[in-house]
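1. below are the sequence and a predicted model; questions follow.
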Amino acid sequence: MAKSKSRTEAPQDASEDVVMQELPTSHQPDVQDDASMAEVDAEDDAEVEDEEEIEDDTQRVRLLPGSTPTAASFEFLNEGHTLGNALRYIIMKNPDVEFCAYAIPHPSEPKMNVRIQTYEGTTAIEALQKGLKDLQDVCDVVSDKFVAAQKDFKKKSISS
Amino acid sequence: MDYDPMAMDEIESKGPVIKISQADTVRVKFELSNADISFANSLRRVMLAEIPTIAIDLVEIEDNSSVLADEFIAHRLGLIPLNAEGIEELQYSRDCDCEEYCDHCSVKLTLHARCTGDENMQVVARDLVPSGDRINRVLGTPIINESSDGLGPLIMKLRPGQEIKLQCIAKKGIAKEHAKWAAPSAIGFEYDPHNKLHHLDMWYETDAKLEWPPSEYADWEEPPQEGERFDFNAVPDRFYFNVETAGNIPPDAIVTEGIKVIQQKLASMIHDLGETEGGENGDYNGPRSPEYNGGGDGWQDQGFTTPYGNGGNQSAWGGGAGGTTPYGTTPYGGAGAGNGGW
């Protein structure tokens, strides 16, 4: 029995360099033991809710280590060229930004990296936040303009 | 920061402009100008792949005496366009509280046909009957175009005596997962009809101008002058979209939904970024960064560190002999430290 146990532990050790929370849930070790199963129902429910919340809240943006305030790399999960290129462009529009680029390090990993380097006076995180908000503003404008164009077109096609 | 994010090109402008040139029940043609190609392409990509619709995802075959294999029929059923009106109120099956599927996350359709005559019989999309409590009366009903005489797409044919009986579960999804969930049937995307930017290299036998038909938008833009020099600073800024639908979502709704999806993406990113910032004070590794041993060993952690190596808090440019860039080990460079400017 002891043998089999050590065997099951070995792969866990090998995966030490991966953050546990980032593994898919199916690959995470089952933390819940028998003791917690025997807890009061109400408490048990609360725990389940907690777990669910953590699952839903998987953070999709991460600051990569080795970053300084003005030069940082971010890792976006489950994003690609759709967001990457537009974001890169809009961040580069910011005059306080020295450099911005994005990359998809490997096509079979759902990850997108963004590198931002700013001039003194602002931080890379601020630049990214501003970029996201600017892009939202652009979307708002395009959306409004499209609705307006739709109304215009309808009016014209009725009158003609 | 006194700049205008709307001014997507260098010329002074009032931001993006949209002109609709044609719109009916199957397509909308519009021009997006004063926008950058990266944004236009984001919109195109999002409309193609990320607008939620509904399509048959599970098929339970009770009886199939036709000539077609079960899985073949199941695949065909999946590709039948279903009306996606009210899809916002339908939940993703994976997010739903139910065991497998329920009325909150799926629409049930049944198909039961038997050829009783003495001629071959057609089974069409109209024969799919939705059942159960639906969010509204149209969500999940097969799209039936006028061109098909009110029958809808042909699913299969039955010989006299053959029978098909099955139940389908239609679920919400996006085209990134499977193309059956694609909201538009096709999107036309075009810019620079005269190829002034030379983004295209036209194949020709003797003369490209004579052999290639002009774009339908050729009249909208100034043709290049005789002997005009190539403009190295020119960037595309007028984009011609043609969004076509199979009927599951009206074409203009595809555009507005597409923008909505981008907005949602951005909003979730801003939200997540707020969490990253929570651990900002001095600790730039963020609250959930992996366990580095002080972060000093840049080479060990290569996969996770910034492109400039140096896991530590050195400047991005490395600095000094320690600045081993990823280029250090290339066949061209020799050892990173001894390599001149780098």
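-> Now that the structure is in, tell me what you want to look at.

2. in the chain, where is pLDDT below threshold?
-> Picked chain A for this. A:1-57 (pLDDT under 70).

3. please refer instead to chain B.
-> Looking at chain B by pLDDT under 70, you get B:1-13, B:276-342.

4. what residue spans form the domains of it?
-> B:1-51+B:183-192+B:234-289, B:53-181, B:296-328 (automatic domain parsing).

5. mind listing the helices for chain B?
-> B:37-49, B:70-78, B:208-211, B:251-278 (DSSP state H).

6. sorry, back to before: winner for burial among the domains of chain B?
-> domain B:1-51+B:183-192+B:234-289 (a mean of 19; mean count of other CB atoms under 10 Å in any protein chain shown). The way it works is simple: take the backbone N, C-alpha and C, and place the C-beta from them, glycine included.

7. I'd like the domains of chain B as TSV, with distance to chain A appended.
-> Shown next, in TSV, are the domains of chain B (distance: least, CB to the nearest CB, whole Å):
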stretch	distance to chain A
domain B:1-51+B:183-192+B:234-289	4
domain B:53-181	9
domain B:296-328	4
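
8. quick one: closest of the ones you listed to A:Ala103.
-> A:Ala103 sits nearest to domain B:296-328 of all the domains of chain B, at 8.5 Å, using CB to CB.

9. how many neighbours does A:Pro110 have?
-> Around A:Pro110 there are 13 other residues, counting by other CB atoms under 10 Å in any protein chain shown.

10. and it, how far is that from B:Gln263?
-> Distance of A:Pro110 to B:Gln263, given as CB to CB, to the nearest Å: 21 Å.

11. so who does the nearest residue to B:Ser66 once chain neighbours are set aside touch?
-> Leaving aside its sequence neighbours, B:Ser66 sits nearest to B:Gln162 (CB to CB, 6 or more residues apart in numbering or on different chains; 5.0 Å). By CB atoms under 8 Å, 6 or more residues apart in numbering or on different chains, the contact set of B:Gln162 is B:Ser65, B:Ser66, B:Val67, B:Arg114, B:Cys115.

12. now B:Asn41: closest residue in space that isn't a chain neighbour?
-> Among residues not flanking B:Asn41 along the chain, A:Asn85 sits closest, at 6.5 Å (CB to CB, 6+ apart).

13. who touches the one helix or strand the one you found maps to?
-> A:Asn85 is part of helix A:81-93 when elements are defined by DSSP states H and E. Here helix A:81-93 makes contact (CB under 8 Å, 6+ apart) with A:76, A:97, A:100-102, A:104, A:112, A:114, A:116, A:127-128, A:130-132, A:134-135, A:138, B:3, B:5, B:8, B:36, B:38-39, B:41-42, B:45-46, B:49-50, B:262, B:265-266, B:269.

14. buried sites along it?
-> Buried residues in helix A:81-93, defined by neighbour count with 16 or more other CB atoms under 10 Å in any protein chain shown: A:Thr82, A:Leu83, A:Gly84, A:Asn85, A:Ala86, A:Leu87, A:Arg88, A:Tyr89, A:Ile90, A:Ile91, A:Met92, A:Lys93.

15. now do the following helix or strand past that helix against helix A:81-93, angle only.
-> Beyond helix A:81-93 on the C-terminal side, the first helix or strand identified by DSSP H and E is strand A:97-103. Calculated by axes from the mean of the first three to the mean of the last three CA atoms, to 10 degrees, strand A:97-103 forms an angle of 170 degrees with helix A:81-93.

16. other SSEs contacting the helix or strand that strand A:97-103 is followed by?
-> Counting by DSSP H and E, the next helix or strand C-terminal to strand A:97-103 is strand A:111-118. Packed against strand A:111-118 by the contact rule (3 or more CB pairs under 8 Å, 6 or more residues apart in numbering or on different chains; DSSP states H and E) you find strand A:71-77, helix A:81-93, strand A:97-103, helix A:124-159.

17. what strands line up against strand A:111-118, and which way round?
-> Applying DSSP bridges, strand A:111-118 is found paired with strand A:71-77 (antiparallel), strand A:97-103 (antiparallel).

18. want to throw those into TSV with mean neighbour count?
-> Listed next are these as TSV, based on neighbours: other CB atoms under 10 Å in any protein chain shown:
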stretch	mean neighbour count
strand A:71-77	21
strand A:97-103	18
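
19. re earlier: closest to B:Glu31 out of the contacts of B:Gln162?
-> The nearest member of these to B:Glu31, counting by CB to CB, is B:Ser66 at 47.9 Å.

20. hmm, A:Ile104 is touching A:Gly80, no?
-> Yes. Counting by CB atoms under 8 Å, A:Gly80 is a contact partner of A:Ile104 at 6.3 Å.

21. any common contacting residues for those two?
-> A:Met112.

22. list the contacts of residue 156.
-> You didn't pick a chain, so chain A it is. With CB under 8 Å, 6+ apart, A:Lys156 has no contacts at all.

23. try again with chain B
-> Counting by CB under 8 Å, 6+ apart, B:Met156 makes contact with B:Ser66, B:Leu68, B:Ile73, B:Arg76, B:Gln122, B:Val123, B:Ile164.

24. of the residues you listed, which belong to strands?
-> Among those, DSSP state E puts B:Gln122, B:Val123, B:Ile164 in strands.

25. nearest to B:Ser106, of the residues you listed?
-> Using CB to CB, B:Ile164 is the member of the ones in strands among the contacts of B:Met156 that sits closest to B:Ser106, with 21.1 Å.

26. and that closest one, bridged to which residues?
-> Here B:Ile164, judged by DSSP bridges, has bridge partners B:Asn64, B:Ala113.

27. pretty sure it is touching B:Asp63, no?
-> Yes. Using CB under 8 Å, B:Ile164 is in contact with B:Asp63, at 6.8 Å.

28. neighbouring contacts of stretch B:259-270?
-> For stretch B:259-270, contacts defined as CB under 8 Å, 6+ apart pick out A:60-61, A:76, A:79, A:82-83, A:86, A:129, A:132-133, A:135-136, A:139-140, A:142-143, A:146, B:42-43, B:46, B:50-51.

29. right, I mislabeled it, should have said stretch B:137-152
-> The contact list for stretch B:137-152 (CB under 8 Å, 6+ apart) reads B:54, B:80-87, B:90, B:107, B:109, B:122, B:124-126, B:128, B:130, B:134, B:153, B:170, B:246-248.

30. how about that stretch as CSV, C-alpha atoms only?
-> C-alpha atoms of stretch B:137-152 as CSV (Å, rounded to 0.1, in the frame of the first residue of the first chain):
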residue,chain,number,x,y,z
ARG,B,137,-41.7,30.9,-28.9
VAL,B,138,-38.9,31.2,-31.5
LEU,B,139,-35.6,30.3,-29.7
GLY,B,140,-34.4,27.0,-31.2
THR,B,141,-36.8,26.7,-34.1
PRO,B,142,-35.2,25.8,-37.4
ILE,B,143,-34.7,28.6,-39.8
ILE,B,144,-36.9,28.2,-42.9
ASN,B,145,-36.1,30.4,-45.8
GLU,B,146,-38.7,31.4,-48.4
SER,B,147,-36.5,29.8,-51.1
SER,B,148,-37.1,26.4,-49.7
ASP,B,149,-40.9,26.5,-50.1
GLY,B,150,-41.3,26.6,-46.3
LEU,B,151,-39.5,23.3,-45.8
GLY,B,152,-36.1,24.3,-44.7
